[in-house]
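J.: quick one, what's the 3D model for this:
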Amino acid sequence: MPVRDWFKARDDRRRYAPVNAAQGRSEAARGAWHKCDGCGRIMYGGERADNLCVCPQCEHHMAMSAGERIASLVDPGTFQEIDEGLTSRDPLQFTAGTPYAEKLAGARERTGLNEAILVGKATIGGAPAIVGAMDFRFIGASMGSAVGEKVARAFELATAERLPVVLAIASGGARMQEGMLSLMQMAKTSAAVARHDAAGLGYVAVLTHPTTGGVTASFATLADVTLAEPGARVGFTGPRIIEQTTSEKLPKDFQSAESMLAHGMIDEVVSRDAIAARVASLLRYLVPRDGGGSVA
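T.: Numbers count the residues shown, from 1 in each chain. Predicted structure coming up:
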């Protein structure tokens with residue numbers, strides 16, 4: 001038998017079915033396989049999870065769900081969610097292609113979350129804190145009234161119990177479907193951060209890709225210590241809009257975490273596998289001398 005025919009016979013007997021590109025994307029969407037946005041490497045879901053959603057080939061930091069982010073930060077078994085049932089309504093009856101109410105329902109079904117941020121009490125390296133993580137899958141982790149309220153309540157609880165706050169942030173900005181109500185959250189969250197700071201309590205922000213818009217212009221950039229993941233985009237307006245407005249070509253690394261570090265907007269760029277240890281170290285300095293509160 002010619003060698004070519006032998007290979008053909010072997011392929012005919014194989015127990016796996018070929019997939020086209022569309023089927024591959026479908027598999028990735030179901031969570032079995034994931035494609036790195038940096039280098040295109042395909043990895044199994046288990047490998048991705050074990051590596052904290054960082055590509056082992058190019059070290060590109062892929063998106064994480066809020067649950068995955070919390071699990072990567074806190075001590076195992078210590079996270080207790082607060083304000084779980086808080087969710088946005090549709091006060092403007094907003095419709096643009098798809099009604100806002102349908103977008104909310106779809107986001108809840110797709111993510112298993114009631115809103116774009118998950119908040120609770122936990123310990124990190126043994127230090128108690130109020131911890132939150134935003135989930136970009138939920139309408140781009142945009143800040144509507146419920147997200148703003150959950151952030152404000154997180155700081156208010158932390159102030160009352162004398163705890164530091166740790167937030168892992170990713171957002172497309174204000175949620176346009178709620179109009180002025182979404183913009184009001186910038187002032188509300190900033191005021192809550194200011195009261196927490198006035199009480200002498202610490203706040204660590206971890207900026208992930210992307211952190212933009214009204215979230216950047218409010219609580220995301222008010223922390224005592226601001227960390228960012230490698231390659232994360234941090235800014236207010238997207239580079240395409242800036243280029244169109246100014247008619248200027250922007251640098252290649254514009255709004256990257258590394259550029260923000262060089263220009264003094266953030267304090268450190270930290271790889272994901274080192275963030276929990278770095279935050280734990282920071283909390284030892286930021287927890288009040290009276291010992292702070294406790295996770296009960």
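J.: am I right that E47 falls within a helix?
T.: Yes: under DSSP: H, G, I helix; E, B strand; the rest coil, E47 sits within a helix.
J.: how about the contacts made by it?
T.: Taking C-beta atoms under 8 Å, 6 or more residues apart in numbering, we find E47 in contact with P56. Yep, even glycine has a C-beta here, placed from its N, CA and C like the rest.
J.: change it to 6 Å
T.: E47 makes contact with no residue, according to C-beta atoms under 6 Å, 6 or more residues apart in numbering.
J.: what of A107?
T.: When contacts are counted by C-beta under 6 Å, 6+ apart, A107 is found next to 138-139.
J.: just the pLDDT for it.
T.: A107 is assigned 96 on the pLDDT scale.
J.: what's the first helix or strand after the helix or strand containing it?
T.: Per DSSP states H and E: A107 is located in helix 100-111. Downstream of helix 100-111, the next assigned helix or strand under DSSP H and E is strand 117-124.
J.: neighbouring strands of that next one in the sheet, and parallel or not?
T.: Paired with strand 117-124 in the same sheet, following DSSP bridges, are strand 80-81 (antiparallel), strand 127-134 (antiparallel).
J.: contacts for it next, please.
T.: Residues outside strand 117-124 that contact it (C-beta under 6 Å, 6+ apart) are 66, 74-75, 78-82, 131-134, 147, 150, 154, 279-280, 283, 295.
J.: for it, give the mean pLDDT please.
T.: On average, strand 117-124 scores 98.
J.: for the stretch 1-150 of the chain, give me the ranges with low pLDDT.
T.: Residues of the stretch 1-150 of the chain meeting the criterion pLDDT under 70: 1-31.
J.: quick one, strands of it?
T.: 33-35, 42-44, 80-81, 95-96, 98-99, 117-124, 127-134 (DSSP state E, counting those that start in this stretch).
J.: in JSON lines, list those strands along with distance to C55.
T.: Formatted as JSON lines, the strands of the stretch 1-150 of the chain follow (distance: least, C-beta to C-beta, whole Å):
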{"stretch": "strand 33-35", "distance to C55": "9"}
{"stretch": "strand 42-44", "distance to C55": "7"}
{"stretch": "strand 80-81", "distance to C55": "30"}
{"stretch": "strand 95-96", "distance to C55": "35"}
{"stretch": "strand 98-99", "distance to C55": "32"}
{"stretch": "strand 117-124", "distance to C55": "24"}
{"stretch": "strand 127-134", "distance to C55": "21"}
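J.: for the stretch 151-296 of the chain, which segments count as helices?
T.: With helices called from DSSP state H, counting those that start in this stretch, the stretch 151-296 of the chain shows them at 180-198, 213-216, 239-246, 257-262, 272-286.
J.: what's the least confident stretch among the ones you listed?
T.: The bottom spot among those, by mean pLDDT, belongs to helix 239-246, with a mean of 89.
J.: what residues of that helix count as buried?
T.: For helix 239-246, burial by neighbour count (16 or more other C-beta atoms under 10 Å) applies to no residue.
J.: roughly how far out does stretch 220-228 sit from the chain middle?
T.: Its chain's C-alpha centre and that of stretch 220-228 lie 14 Å apart, by C-alpha atoms, centre = their mean, to the nearest Å.
J.: so for that stretch, mean pLDDT?
T.: For stretch 220-228, the mean pLDDT works out to 98.
J.: residue contacts, P210?
T.: The contact partners of P210, by C-beta under 6 Å, 6+ apart, come to R233.
J.: and the residue nearest the centre of the chain, what does it touch?
T.: For the chain, A170 is the residue whose C-alpha lies nearest the centre (C-alpha atoms, centre = their mean; 3.8 Å). Residues in contact with A170 (C-beta under 6 Å, 6+ apart) are 134, 136, 141, 208, 211.
J.: hmm, try it at 7 Å
T.: Contacts for A170 (C-beta atoms under 7 Å, 6 or more residues apart in numbering) come out as 134, 136, 141, 208-211.
J.: in a markdown table: these, plus distance to V166.
T.: Listed next are the contacts of A170 as a markdown table, based on distance: C-beta to C-beta, whole Å:
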| residue | distance to V166 |
| --- | --- |
| M134 | 12 |
| F136 | 18 |
| A141 | 17 |
| T208 | 13 |
| H209 | 18 |
| P210 | 19 |
| T211 | 15 |
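J.: now the buried members of the residues you listed.
T.: Neighbour counting over the contacts of A170 (16+ other C-beta under 10 Å) leaves 134, 136, 141, 208-211 as the buried ones.
J.: out of the strands paired with strand 117-124, deepest packed?
T.: Comparing those by mean neighbour count (mean count of other C-beta atoms under 10 Å), strand 127-134 comes out on top with a mean of 27.
J.: about what we covered before: which of the buried ones among the contacts of A170 lies closest to L92?
T.: A141 (20.1 Å; C-beta to C-beta).
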